[in-house]
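S.K.: Give me a model of this one.
(chains A and B)
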There are 2 protein chains.
Amino acid sequence: MTFLTRSTLRLRATSRFPVAARTLATSPHLRAAAKPYFADEPSAPKVVTAIPGPKNKAATAELDKVFDVRSLNMLTDYSKSIGNYIADLDGNVLLDVYAQIASIPVGYNNPHLRQVASSPEMVTSLINRPALGNFPSADWAHVLNTGILKVAPKGLDQVFTAMAGSDANETAYKAAFMYYRQQQRGGPQAEFTAEEVETTMNNQSPGSPQLSILSFRSAFHGRLFGSLSTTRSKAIHKMDIPAFDWPQAPFPSLKYPLEEHAQENAQEEQRCLQEVERLIKEFHNPVAAVVVEPIQSEGGDNHASPSFFQGLRDITKRNNVLFIVDEVQTGVGATGKFWAHDHWNLQTPPDIVTFSKKAQTAGYYYGNPALRPNKPYRQFNTWMGDPARALIFRGIIEEIERLSLVENTAATGEYLFAGLERLAKQYPEHLQNLRGKGQGTFIAWDTPKRDEFLAKAKGVGVNIGGSGVSAVRLRPMLIFQKHHADILLESVEKIIKQL
Amino acid sequence: MTFLTRSTLRLRATSRFPVAARTLATSPHLRAAAKPYFADEPSAPKVVTAIPGPKNKAATAELDKVFDVRSLNMLTDYSKSIGNYIADLDGNVLLDVYAQIASIPVGYNNPHLRQVASSPEMVTSLINRPALGNFPSADWAHVLNTGILKVAPKGLDQVFTAMAGSDANETAYKAAFMYYRQQQRGGPQAEFTAEEVETTMNNQSPGSPQLSILSFRSAFHGRLFGSLSTTRSKAIHKMDIPAFDWPQAPFPSLKYPLEEHAQENAQEEQRCLQEVERLIKEFHNPVAAVVVEPIQSEGGDNHASPSFFQGLRDITKRNNVLFIVDEVQTGVGATGKFWAHDHWNLQTPPDIVTFSKKAQTAGYYYGNPALRPNKPYRQFNTWMGDPARALIFRGIIEEIERLSLVENTAATGEYLFAGLERLAKQYPEHLQNLRGKGQGTFIAWDTPKRDEFLAKAKGVGVNIGGSGVSAVRLRPMLIFQKHHADILLESVEKIIKQL
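M.R.: Sure thing, here's the model as predicted:
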């Protein structure tokens, strides 16, 4: 077994996605990618029954006996789903631009992932699950270096592995709190006081300090107790669950089209930045970190400019609090760069970047060695992720590289956005605040009859999700191509005509 | 596909483990099980280098560059590990009675699990990961009914699936809080007030109410923010992390041997129960649920009697708070019953039972339909578990049934405990408070030089873990047999002689 050094990997990572999205639309590379990635993918959706059809209804009733099905969207026949197309039990096959809540990157039944999933390495990972902090497999460094860490954000070369987005964020918050207190104590050598040891066993300060994480209005960072305390998307996500007294700052509310509201939007972003800094300085529970999504997703697809995020980085630096970027939904290519924060051109990287969803595994990246807690077993749990899922992420990365899927997403997104702009001119009342230009396929718009729009989508052969109260959000896979975009654009128009 | 009804399954589950542990030691069934389960398992440990040896040291240094290794116990060669034996890179092969922190049930490289992991069903689960709440696979009900729910605790026929122990407990807490507030509101039809909707977005009461979960001193329920607020095991687990102001009750501190301290122990348990009831009635943040481990594991292997737990059930019923049993470490056979709370003979089942570790997947069981929150998307997240891991649990259940591994564990535990009693008489200073009689192989004792004991164990060919400050905890797999117990007993004696 050979171990690649970090610097080698960094070079590779840098050279892998060298071409800016804008230039790709006309590159020879891209024209080649216009061939379908899945030779046996359907050429169009197929709708043969009302949805849900009789078989789906019957199977749903069966599942309801033991499992809450009230959030069920569609019982799925994964054996018949392929590429960008999702199948149900009644023979309906839909173009899927929701993709398991933005978490399928390289298509249903991807042949390369099938190979990975059938490999002897996968079998041993599944049947010999390690307690990763205690008994990692001998090749764990290799699996990390050729997978999760190969695509580590620039400047961040360490990882703590986790299970899903919520615990990725919460372990990141824990790292931030431990770091904050370590700085207060004067460094990693300082021992805990007897009072700290005693009070933390009673959940009281100073051992369990009343520190906070600052998040933004409409943010979504997960649903466990710590992450939910930073989630501000919808009341239904939070109701009845005790929460920490943590601050929220306003997130910029931009006006569209951006080019017509440049000055107004810049002022709005300044206002929000000032409020972030005020809260950091004044909030009664001191702020250890600021957490932000590059594009607020569950909260309604809310964007801000690179200069807003540069401003956040500056403020967090200046005030010595950590800057955590939650790339759970934006990461792994969907915005036309591997990480959405690659769009910002930061002078210094974020302190922590969290990931999940399209990675099919989860965790947080960091670079500063001081973010490793000063003693073992402070950041620890039994499984600390799942090597089987880490192997899947490695397969996904291989597939992304082989097919240049980040570049594909940038180019397809540009094409799709242009088509939606045309529709927005034609149907201005149904396509408002179109957003996500230059952000790959991470596109959304507002529409007054949003829920009706989503409900009618299946009837025309498309599976689409929403976000916030009025947004239609597109979250196609990275294998979404121009011919899929054409079908989607036609479908959107069909739905609008039915409204 | 056929769907089994819940009542059929319940009958099967009841008839599967019909024989009490005590009678099994002499049953013909058991004698048959004395054949090794793994034909190619080593007959004894093999120690060929100091541990860690040179190859393990070098590989650990490599891993340290990208992954915190300070909690590392032993970098493992899983390809060479088999059955009860764990291998390192230097050719050392140890009898493993720690089993990935109590989470490997049916042995390393179990042939049946290998089949499960190589099946087409597994491959599709790995490469088409669903958002289970939205797009479960068409066979999800079948996977649940033939796996997770087939072994559901008596009286609990519903499941919410999760990723690991911490989020299993936290989602259970969320269910408890939502249920508590629903009762206060007068039922599932009552709508949230405008004030609740507004306040919860600010993390304030009444929308985010200051309710609590009562746990016990020395308890361990996980390390995310909600679960950590109920964890009271060690300061290092909790230090610097904000926590909720939730109450803790004393857990009984029993004296051993039990038969010599019956009256004293009964009084101690009464004292603790009274304090639980007092806290429920008086604590300033109202208690929505009591959570308890059947045997406190990380906290030092602390036991209590069935009558203590019956008392807890009575108190929680009487005070209308939920009773959550955390079977993350005790569940799936290790105590000689499938669920440790099966030892208690409760008149009414717990409200919620959580599981993880040996299940290789996680979640919580419940029975009362009112514990499904009154609206969809209140208890929800993207993945809600992992069907691939649910298939592994099903394979584990099949293997447990095929080999009668719960009965094996009851009988081997009895044999092992008797051997340890003999050693305790011989070395009373090194084997104190021996506990776990009648609890399968879930056995522990205190020893003044605990850390030295654990460190020397590898040298004699055994991998053992500790719990609390002074306990040696045994957590062998369910395939641990009498001939393994003989090796372990000899090894314990060898270690003691070196101290």
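S.K.: Could you check stretch A:461-478 against chain B for contacts?
M.R.: No - Stretch A:461-478 stays clear of chain B (Cβ under 8 Å from any Cβ of the partner chain), getting no nearer than 8.6 Å. Backbone N, C-alpha and C define where each C-beta goes, glycine included.
S.K.: Can you give me the first-to-last residue distance of that stretch?
M.R.: 20 Å (Cα to Cα, to the nearest Å).
S.K.: list the buried ones in it?
M.R.: In terms of neighbour count (16 or more other Cβ atoms under 10 Å in any protein chain shown), stretch A:461-478 has its buried residues at A:461-468, A:470-478.
S.K.: In strands only, show me these.
M.R.: A:462-463, A:465-467, A:471-474 (DSSP state E).
S.K.: I figured A:Arg389 hits A:Ser356, correct?
M.R.: No - A:Arg389 sits out of contact with A:Ser356 when judged by Cβ atoms under 8 Å, with a separation of 10.1 Å.
S.K.: more crowded one of these two?
M.R.: Just comparing A:Arg389 and A:Ser356: by other Cβ atoms under 10 Å in any protein chain shown the higher neighbour count belongs to A:Ser356, 28 against 22.
S.K.: Return the nearest residue of the stretch 301-450 of chain A with respect to chain B.
M.R.: At 3.5 Å from chain B, A:Pro376 is the closest residue in the stretch 301-450 of chain A, using Cβ to the nearest Cβ.
S.K.: contacting residues for that residue?
M.R.: When contacts are counted by Cβ atoms under 8 Å, 6 or more residues apart in numbering or on different chains, A:Pro376 touches B:68, B:70-71.
S.K.: are any of those residues buried, and which?
M.R.: The buried subset of those - by 16+ other Cβ under 10 Å - is B:68, B:71.
S.K.: Of the contacts of A:Pro376, which ones also sit close to chain A?
M.R.: Counting by Cβ under 8 Å from any Cβ, B:68, B:70-71 from the contacts of A:Pro376 sit close to chain A.
S.K.: Now the residue located most distally from the centre of chain A: phi and psi?
M.R.: The C-alpha centroid of chain A is most remote from A:Ala194, which lies 41.0 Å away (Cα atoms, centre = their mean). Backbone torsions of A:Ala194, given as degrees, to the nearest 10, read phi -60, psi -40.
S.K.: on that earlier part again, in terms of helices and strands, where is the residue of the stretch 301-450 of chain A closest to chain B?
M.R.: Using DSSP states H and E, A:Pro376 sits in no helix or strand.
S.K.: Over to the one 4 residues further on?
M.R.: When elements are assigned from DSSP H and E, A:Phe380 belongs to no helix and no strand.
S.K.: So for chain A, the centremost residue is which one?
M.R.: Of all residues in chain A, the one closest to the mean position by Cα atoms, centre = their mean is A:Gln329, 1.4 Å from it.
S.K.: residues contacting that one?
M.R.: Contacts for A:Gln329 were tallied using Cβ under 8 Å, 6+ apart; they are A:102, A:165, A:293, A:295, A:297-298, A:357, A:475.
S.K.: Could you report the neighbour count for the closest residue in space to A:Ala288 that isn't next to it in sequence?
M.R.: Counting by Cβ to Cβ, 6 or more residues apart in numbering or on different chains, A:Tyr180 is the residue found nearest to A:Ala288 once chain neighbours are left out, at 3.9 Å. When neighbours are defined as other Cβ under 10 Å, A:Tyr180 has 20 of them.
S.K.: who's in contact with A:Tyr180?
M.R.: Taking Cβ under 8 Å, 6+ apart as the test, what A:Tyr180 contacts is A:211, A:286, A:288-289, A:321-322, B:240.
S.K.: same deal with A:Met201?
M.R.: Going by Cβ under 8 Å, 6+ apart, A:Met201 touches A:207, B:232, B:235, B:238.
S.K.: What pLDDT is listed against the third one?
M.R.: Model confidence at B:Ala235, given as pLDDT, is 96.
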